[in-house]
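Visitor: Sequence first, then the predicted structure, then my questions.
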Amino acid sequence: MTVDLILFFIVALVAITTALGMLLSRNAVYSALFLVLNFATVAVFYLLLAAPFIAITQVTVYAGAIMVLFLFVIMLLGADALPESKVLPWQKPLAVTLALILALESVYLLFIRQTAAGGIGAPNAEFGSPQAIGTMLFNQYLLPFEVTSILLLVAMVGAIVLTKKQKGGQG
Amino acid sequence: MVPVSYYLTLSAVLFTIGALGVLIRRNALIIFMSVELMLNAANVAFVAFASVYEVLSGQIFVFFVMTVAAAEVAVGLALIVAIFRTKHSIDVDQLNNLKG
Amino acid sequence: MILSEAANPGLFFNLVPWIVFFPVIGLLINLIFGRRMSEKAIGTVASLASGLAFVVSVLLAYSLSAVQGHAQTVYLAEWIHIGTLQLDWTFRVDTLSAVMMLVVSGVGTLIHIYAIGYMHEDVRFKNDVGRFRRFFVFLNLFIAMMMILVSGDSYLMLFVGWEGVGLCSFLLIGFWYDMDTLARPSTANADAGKKAFIANRVGDFGFLLAIFTTFWAFGSLQFDTVFSQVEHAPAAVITAITLFMLIGVAGKSAQVPLYVWLPDAMAGPTPVSALIHAATMVTAGVYLVARSAPLYSAVHGAQYIVAMVGAVTALFAATIAVGQYDIKKVLAYSTISQLGFMVAAVGMGAFVAGMFHLVTHAFFKALLFLSAGSIILGMERGHHHLAHGHGEHDGDEEVFDPGDMRNMGNLRKRMPVTFWLYMVGTLALAGIFPFAGFWSKDEILLDAKLHFPGVYTLLAIAAFLTAFYMGRQIWMVFFGQERTEVAEHAEESPPVMTVPLMVLAALSLLGGALNLPGVYTLTRWLEHTIEGAEAGEFSFMVAGVSTALALLAIFISWLLYGRKPLAAGQPDPLKKMLGPIFTGMENKWFVDEGYKAVFIDRYNDLAYFLAQTLDWKFWHDWLHEQVIFRAFKGLTRFLADPVDLGFIDAIANGLANKTKQASASLRRIQNGFVRSYALSVLLGVVTILGYLLFK
């Protein structure tokens, strides 16, 4: 049991706990806060996996930008618990059953396919550095990178159009 | 020295929790958060494999997933706001206009 | 645009398409812009178009003389290329076609100019510029078609022009299709046009057979190609071709037995009668025979038949002309008679004589027709003047025919210019020295005397009768006393009409110079094209006999009509002398009635039988109603009830019902809840993953 492994188990426990907390909280604000915590643990995993750039991006984009946006909308729409719903009564048990089956299948898959079971050593210092990522992004992946900029622009315009109050008022 | 299968198991568990969130919660915002959780689970798997095979493309892919997730959140939250304006609710069970 | 094969750059052969294009341009201008143009402008454009064609013809003739009359072909466009039939739109300029071009465009131009005045004066005109424009459009179209006819390099191109002029003839005969000479509602003119067209159909059918046979026998329709193979072809084939062609000639050139349309064609306006039905179109048949000279020269039997047809026509029509009272009808039968002379000439192999007579005849017969038109207009003016002067417009006016010679008399006083012009034309037609007709007719008679004595006899009698009926006409129209008030008030025509007549009169006077004995200009000119065009020795005997006959005929006509002028209402003195024969002449030997009894009534009977019995009773009542309709009804009932309802509909409806039921149960799944859909997706994922794991 190395230090790595202990650290992994602790952080993994936190990650699963926060995920379940997000799932089970009655209040949406709590859910959002649990999720922020979860994202932070995932960032730690990224650091363990020799991906410092991705880890920083994870914190900035997910925990920073996206979750702030979530909280903002929650505040805007009100975080009240929803009233009990009578429709789809069998949804919850069925969903839980299926989810468990899915999890079991995935784990079973991992254990019967031992090819991917190699350990993760310490790669060289250059791997995953911002410089290496930048070089690759602006050479091999230049076109997809540019396309994502268009995607973001479209998303921005779409968000503005969707939330704009329509003329004539009923929007 | 953490075996990669641990990371993948963790990824599977997080993904399952996200999927469960989508299925059992009725609050559209929480459904959204669950989707983000699923994306994160997938990202963890990507980065894990990138480290195992020492191929940087996995990390680049995570970068793109994040971009798409950001765009998705922006549009999705805008949709939720727009729906809230007309329905005065964010309960997805109230939205069954497409009933056949 | 115009591709050239002409070798000499300094000559004008490349211009030859313009003899067609100029009239077409003229008619297009009038067609498109005529609505906004004045009468004078329309007439000027049309005359100019024709005149330019004449200028081109002159240039072509000049060029031809510069190359010693060698035939030239100018390629314009690809036309028909099917199998071995290789035809292009190629113009052929040789001495023969050049003569025709000159005549057509020259006389045509003069008549265009004359028509400007004539159409304006016509009582039916009534300032209707639309009609005026239409008239000149047709005239230009006619010139263009005639040019295609004479300039074509193959029988088929010639046929295109041949049909084109037939169409123009039809259009122009029926030009006043809705009224008669005095603007009363009538369809007589339209009927005359139809008659001309149908009679020509019969002839054209023969011509078409000739073309088909030619192609079958020679594999080509090109003149040169056909003629070069004549020696190797069997005589029977050539005889067949030439006789089929003769049917076409009889139709177009108004020979026995298809001549009947030409007298009725006088229903057209007088310039049309002069241009189409005297000077140019009707001579197309003569041109065709002259053009096909190598074919005709090869078979003497056919030549003899052609000559006899011509001679019989010449005599037959001359006898009818004697008994006519309408000034234009006399000229019409005279035209048929003179065409008979030409056909007889070309039939005998005297192609040059025939062409010579064609040219001179174009001059003096156009002159006569146009002068007759002038007389008729003069009479109409007199009638108009009288009607207004006396103010007797009662509504039911007495029917007055301005073309009837019995209504005329002593017009010499009132219309002196026309009188002198008419005299020139008459003397030329009668064959009096030194007028043009004397030389050309004599050449024909000379040839007939040498080779075909029977033909000579017929033609000589016809020539005698020609002089007689023309004398009769002169005495009746211009001398004696006025037989009606109208004749007393007749008025002379304006210069726009008389000046072209003077030109024609000069040509009638001097036209004989074209082929004077000893010089033989025309013979030398044409022998480049027609092989064996020999100049006969001038014979004083023949000339003397024919002149004597003509003078005698005129003298007799003076005895009958000049010495004691006809009084108003008095019957023709010949009637007493000849009795039933004159009645026959007067009634055109009842040929029209005979045709009606033999062909038209039988045809009507047949048509009636076909319509009533065959079509209505058998075809419609029995076959359609009983057989087809009943059977069809039965079949449809069977198909409708057991087959369609019982079987096909059952399948279709059953399928539809099953689909409906299936969809009704399936649509429950579509409950509209997104979470339930997501659950379905997860179920799918789990199932597929499970399958992949445990398969």
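Guide: Good, I have the coordinates. In this text the structure is predicted, and so the values were computed from the model without any measurement.

Visitor: make it CA atoms for all contacts and neighbour counts henceforth
Guide: Fine.

Visitor: any idea where the helices of the stretch 51-200 of chain C begin and end?
Guide: Taking DSSP state H, counting those that start in this stretch as the criterion, the stretch 51-200 of chain C carries its helices at C:95-121, C:129-151, C:155-173, C:188-218.

Visitor: so which of those helices gets nearest chain A?
Guide: In terms of Cα to the nearest Cα, the element of the helices of the stretch 51-200 of chain C nearest to chain A is helix C:129-151, at 64.7 Å.

Visitor: tell me the contacts of the residue lying closest to residue C:153 once chain neighbours are set aside?
Guide: Sequence neighbours aside, residue C:92 is the residue nearest to residue C:153 in space, at 5.0 Å (criterion: Cα to Cα, 6 or more residues apart in numbering or on different chains). For residue C:92, the contacting residues are C:71-74, C:151-153, by Cα atoms under 8 Å, 6 or more residues apart in numbering or on different chains.

Visitor: Quick check: which helices or strands does the top helix by length along chain B pack against?
Guide: In chain B, assigned by DSSP state H, the helix with the most residues is helix B:57-87. Helix B:57-87 sits against helix A:52-57, helix A:67-77, helix A:130-137, helix A:142-163, helix B:28-53, with contacts defined as 3 or more Cα pairs under 8 Å, 6 or more residues apart in numbering or on different chains; DSSP states H and E.

Visitor: shaky segments in chain B?
Guide: B:1, B:100 (pLDDT under 70).

Visitor: Any idea what the residue of chain B found nearest chain A is bridged to?
Guide: For chain B and chain A, the shortest gap (Cα to the nearest Cα) falls at residue B:3, measuring 4.2 Å. According to DSSP bridges, the residues that bridge with residue B:3 are residue A:119.

Visitor: For burial, what's the neighbour tally of it?
Guide: 16 (other Cα atoms under 10 Å in any protein chain shown).

Visitor: My reading is that residue C:631 lies in a strand. Confirm?
Guide: No - counting by DSSP: H, G, I helix; E, B strand; the rest coil, residue C:631 is not part of a strand but helix.

Visitor: And it, how far from chain A?
Guide: Residue C:631 is 66 Å from chain A, where distance means Cα to the nearest Cα, to the nearest Å.

Visitor: can you check residue C:693 too?
Guide: Distance of residue C:693 to chain A, given as Cα to the nearest Cα: 7 Å.

Visitor: where's the residue in chain C that chain A sits nearest to, which helix or strand?
Guide: Nearest residue of chain C to chain A: residue C:686, at 5.7 Å (Cα to the nearest Cα). Counting by DSSP states H and E, the element that carries residue C:686 is helix C:674-694.

Visitor: Isn't residue A:19 up against residue A:40?
Guide: No - counting by Cα atoms under 8 Å, residue A:19 stays clear of residue A:40, with 11.6 Å between them.

Visitor: between those two, what contacts are shared?
Guide: Joint contacts of residue A:19 and residue A:40 (Cα under 8 Å, 6+ apart) do not exist.

Visitor: Neighbour count for those two, which is higher?
Guide: residue A:19 (26 against 21).

Visitor: same for the helix or strand hosting that one, what does it pack against?
Guide: Using DSSP H and E, the element containing residue A:19 is helix A:3-24. Contact partners of helix A:3-24 among helices and strands, from 3+ Cα pairs under 8 Å, 6+ apart: helix A:28-48, strand B:2-3, helix B:4-24, helix B:28-53.

Visitor: and that helix, C-alpha only, in PDB?
Guide: The C-alpha coordinates for helix A:3-24 follow below in PDB (Å, rounded to 0.1, in the frame of the first residue of the first chain):
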ATOM      1  CA  VAL A   3       1.300   6.600  -0.500                       C
ATOM      2  CA  ASP A   4      -0.200   7.000  -4.000                       C
ATOM      3  CA  LEU A   5      -2.700   4.300  -3.400                       C
ATOM      4  CA  ILE A   6      -3.800   5.700   0.000                       C
ATOM      5  CA  LEU A   7      -4.200   9.100  -1.400                       C
ATOM      6  CA  PHE A   8      -6.300   7.700  -4.300                       C
ATOM      7  CA  PHE A   9      -8.600   5.800  -1.900                       C
ATOM      8  CA  ILE A  10      -9.200   8.900   0.200                       C
ATOM      9  CA  VAL A  11      -9.900  11.200  -2.700                       C
ATOM     10  CA  ALA A  12     -12.000   8.500  -4.400                       C
ATOM     11  CA  LEU A  13     -14.100   8.200  -1.300                       C
ATOM     12  CA  VAL A  14     -14.600  12.000  -1.200                       C
ATOM     13  CA  ALA A  15     -15.500  12.000  -4.900                       C
ATOM     14  CA  ILE A  16     -18.100   9.300  -4.500                       C
ATOM     15  CA  THR A  17     -19.500  10.800  -1.400                       C
ATOM     16  CA  THR A  18     -19.900  14.200  -2.900                       C
ATOM     17  CA  ALA A  19     -21.400  12.700  -6.000                       C
ATOM     18  CA  LEU A  20     -24.000  10.900  -4.000                       C
ATOM     19  CA  GLY A  21     -24.500  14.100  -2.000                       C
ATOM     20  CA  MET A  22     -25.200  15.900  -5.200                       C
ATOM     21  CA  LEU A  23     -27.600  13.200  -6.100                       C
ATOM     22  CA  LEU A  24     -29.500  13.000  -2.900                       C
END
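
Visitor: For the residue of chain A found nearest chain C, grab the count of nearby residues.
Guide: Nearest residue of chain A to chain C (Cα to the nearest Cα) works out as residue A:102 at 5.7 Å. Neighbourhood size, residue A:102 [other Cα under 10 Å]: 24.

Visitor: which one is it nearest to, not counting chain neighbours?
Guide: What sits nearest to residue A:102 in space, not counting adjacent residues and going by Cα to Cα, 6+ apart, is residue C:686, at 5.7 Å.

Visitor: Tell me which residues touch that neighbour, please.
Guide: A:98, A:101-102, A:105.

Visitor: how about these in JSON lines, adding pLDDT and secondary structure?
Guide: Formatted as JSON lines, the contacts of residue C:686 follow (pLDDT from 0 to 100; DSSP: H, G, I helix; E, B strand; the rest coil):
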{"residue": "A:98", "pLDDT": "91", "secondary structure": "helix"}
{"residue": "A:101", "pLDDT": "91", "secondary structure": "helix"}
{"residue": "A:102", "pLDDT": "89", "secondary structure": "helix"}
{"residue": "A:105", "pLDDT": "87", "secondary structure": "helix"}
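
Visitor: Now the buried members of those.
Guide: When those are checked for burial by 16 or more other Cα atoms under 10 Å in any protein chain shown, the buried set is A:98, A:101-102, A:105.

Visitor: Need the residues you listed in TSV (columns: distance to residue C:194).
Guide: Shown next, in TSV, are the buried ones among the contacts of residue C:686 (distance: Cα to Cα, whole Å):
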residue	distance to residue C:194
A:98	96
A:101	99
A:102	97
A:105	99
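
Visitor: Just give me the closest of the residues you listed to residue B:40.
Guide: Nearest to residue B:40 among these, counting by Cα to Cα, is residue A:102 at 17.4 Å.

Visitor: burial count for the residue nearest to residue B:58 when sequence neighbours are not counted?
Guide: Nearest non-adjacent residue to residue B:58, counting by Cα to Cα, 6+ apart: residue B:50, 4.9 Å away. If you count neighbours by other Cα under 10 Å, residue B:50 ends up with 22.
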